[in-house]
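J.: Here is the input, now give the coordinates:
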Amino acid sequence: MLVSVFGAGTVEYDRYHWRVTRLDTASINMMHQTPIHEVREGLRRGIATAKAHLETIKKGFLEELGDAGLTSAGKTLKAYEGMELHPEIERAVGNLYRDGHYANAVEDATKALNALVRMRSGVEDKDGSALMEAVFSPKNPVLKFNKLADASDIDEQRGFMMMFAGAVAGLRNPRAHKIIKDDPEMALEFIAFVSLLAKLVDKNSK
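T.: Coordinates of the predicted model:
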């Protein structure tokens, strides 16, 4: 197995071959036969040591695959690095996402969005969904996505308001109150969505 993985005569093969293949670690006495309980204990130790070294080999391969972008986390990390996120969102989530703290990254992305809406709108006395509904309300919005000239414009304004309120209620609040485990791909899509909302805020507050 080690030959097919590392190749014969390589440094890695020489490093692990003896450690993985030597299972019998019982002491040898040339004067009399080794007691069976010592043989069993030696085999137990040898098998445990071999398993530990195999786990080390496995961990090394997984790390190399991740660095090459061949694992699920590695692929999504490469995708993340290729995205042009809103700078405030990237600042909030970059280190968290790269370190594998996906739920925390999603939560902090929505916190950054909440702070951005506050800053761009000047509304400081509201938070979360209440903030989004006040700032983007189609009746008297602080920030508008269009001229609100007709029913279609009003529907668009209402739809975006619901997206912003939903992002806070559906992404931030659950992660702030209970433990949620997000996989890297889903977290990346959530972060991209929040980043899009942040870009819309900047575009329509100028």
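
J.: confidence score at F190?
T.: Per-residue confidence (pLDDT) for F190: 97.

J.: Same check on S137?
T.: 97.

J.: Next: K58.
T.: Per-residue confidence for K58 comes out at a pLDDT of 57.

J.: Please apply the same query to G42.
T.: Looking at G42, its pLDDT is 63.

J.: Would you work out how far apart the start and end of stretch 141-150 are?
T.: Start and end residues of stretch 141-150 are separated by 15 Å (CA to CA, to the nearest Å).

J.: Show me the contact partners of it.
T.: 117, 120-123, 134-136, 138, 153-154, 156-157, 160-161, 200-201, 204-205 (CB atoms under 8 Å, 6 or more residues apart in numbering). Using the backbone N, CA and C atoms, a C-beta is placed for each residue, glycine as well.

J.: These in helices, which ones?
T.: Counting by DSSP state H, the contacts of stretch 141-150 place 117, 120-121, 134-136, 153-154, 156-157, 160-161, 200-201 in helices.

J.: quick check: domain ranges of the chain?
T.: Domain segmentation of the chain under automatic domain parsing yields 2-68, 76-203.

J.: Which of those domains comes out lowest on mean pLDDT?
T.: domain 2-68 (a mean of 57).

J.: how about the helices in this protein?
T.: 2-6, 11-21, 36-67, 72-81, 87-98, 102-121, 128-136, 151-167, 173-177, 184-203.

J.: Hey, what's the angle from the fourth one to helix 184-203? Just curious.
T.: Computed by axes from the mean of the first three to the mean of the last three CA atoms, to 10 degrees, the angle separating helix 72-81 from helix 184-203 equals 10 degrees.
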